[in-house]
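Novice: Generate coordinates for the sequence data below:
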Amino acid sequence: MTRLKLVLIIVAALLVGVFIGAYLFSNTRPRSFLALNNCDGKCFQANELLGLITSVGLQKFSAFAPKVIKETDKTIALEHPNPEVRNHFLIIPKRDMKDIADLSDDDREYMVDALKVAGEIIREKKLVNYRLTTNGPGYQTVNYLHFHLMAN
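Specialist: Numbering: from 1, shown residues only. Okay, here's the model as predicted:
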C-alpha cells in the first residue's frame, strides 16, 4: 500500500468518526472534558460519562434498552436492574438533563411526560404505598435525570 493510500484511508476514517460523533452527540448538553487536573470539583467524573452514554443510548438506541415496561416518544420506563424493593422502576426522560437543577423551560414537556408515565404505571400496577424520587448529582451513580418509582 502506498503512503498516499494510507493517508487517504486515515483521513477518511477520521472524517467518518467525526460525522458519527456529531450524530450521536447532537442532542446532548455540553460537558467539560478539558478540566481533568486541578479542577476544584469541576472535573469530568465517571458518573458524568455514564450520563453521557445514557443520553446517547436513550435518544438513539432506546429499542435496545432492557426490561422496558413503557415507552413514549419522550420517556422510557424500565424495571430497575438491581431493585431495592419488589416494585422498583426507573422512569427516564429521553432528553439530556443532568438533574433537577439543570432543568430549563425547554424541558417542561419531557418532565410532564415522565410524571404521566409514572402515573400510568402506578394505576396499571395498582400501587398504593409508593414513592417517586430523584437524586442530586452527589447521590447519582449515573449523572442523568431519572426517577425511581418504588413500592412494596
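Novice: what sits up against the strand of greatest length in the chain?
Specialist: Criterion DSSP state E: the longest strand present in the chain is strand 87-93. Applying CB atoms under 8 Å, 6 or more residues apart in numbering, the contact partners of strand 87-93 are 54, 58, 69, 74-80, 107, 110-111, 113-114, 117-118, 121, 125, 127, 130, 132, 144-152. Just so you know, the C-beta spots here come from the backbone N, C-alpha and C atoms, and that holds for glycine as well.
Novice: repeat that with 7 Å
Specialist: 58, 69, 74-80, 110-111, 114, 117-118, 121, 125, 127, 145-151 (CB atoms under 7 Å, 6 or more residues apart in numbering).
Novice: Beyond the lowest-mean-pLDDT helix or strand in the chain, next helix or strand please.
Specialist: The helix or strand of the chain with the lowest confidence, counting by mean pLDDT, DSSP states H and E, is helix 46-61 at a mean of 67. Once the chain leaves helix 46-61, the next helix or strand it forms, by DSSP states H and E, is strand 68-71.
Novice: and that following strand, which strands flank it?
Specialist: According to DSSP bridges, strand 68-71 forms sheet pairs with strand 75-79 (antiparallel).
Novice: Of all the residues in the helix or strand where A13 lies, which ones are buried?
Specialist: For A13, the host element (DSSP H and E) is helix 3-24. Residues of helix 3-24 classed as buried under the neighbour-count rule (16 or more other CB atoms under 10 Å) are L24.
Novice: now that helix, how far from the centre of its chain.
Specialist: Centre-to-centre, helix 3-24 and its host chain are 28 Å apart (CA atoms, centre = their mean, to the nearest Å).
Novice: which secondary structure elements does that helix contact?
Specialist: Contact partners of helix 3-24 among helices and strands, from 3 or more CB pairs under 7 Å, 6 or more residues apart in numbering; DSSP states H and E: none.
Novice: Send me it as PDB with only the CA atoms.
Specialist: What follows is helix 3-24 as a C-alpha-only set of coordinates in PDB (Å, rounded to 0.1, in the frame of the first residue of the first chain):
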ATOM      1  CA  ARG A   3       1.900   6.100   1.600                       C
ATOM      2  CA  LEU A   4      -0.800   8.300  -0.200                       C
ATOM      3  CA  LYS A   5      -3.400   5.500   0.100                       C
ATOM      4  CA  LEU A   6      -2.600   5.100   3.800                       C
ATOM      5  CA  VAL A   7      -3.000   8.800   4.400                       C
ATOM      6  CA  LEU A   8      -6.300   8.900   2.500                       C
ATOM      7  CA  ILE A   9      -7.700   5.900   4.500                       C
ATOM      8  CA  ILE A  10      -6.700   7.600   7.800                       C
ATOM      9  CA  VAL A  11      -8.300  10.900   6.700                       C
ATOM     10  CA  ALA A  12     -11.500   9.100   5.600                       C
ATOM     11  CA  ALA A  13     -11.700   7.200   8.800                       C
ATOM     12  CA  LEU A  14     -11.200  10.400  10.800                       C
ATOM     13  CA  LEU A  15     -14.000  12.200   8.800                       C
ATOM     14  CA  VAL A  16     -16.400   9.200   9.300                       C
ATOM     15  CA  GLY A  17     -15.700   9.200  13.000                       C
ATOM     16  CA  VAL A  18     -16.300  13.000  13.200                       C
ATOM     17  CA  PHE A  19     -19.700  12.600  11.400                       C
ATOM     18  CA  ILE A  20     -20.700   9.600  13.500                       C
ATOM     19  CA  GLY A  21     -19.800  11.500  16.700                       C
ATOM     20  CA  ALA A  22     -21.700  14.600  15.600                       C
ATOM     21  CA  TYR A  23     -24.800  12.500  15.000                       C
ATOM     22  CA  LEU A  24     -24.500  10.600  18.300                       C
END
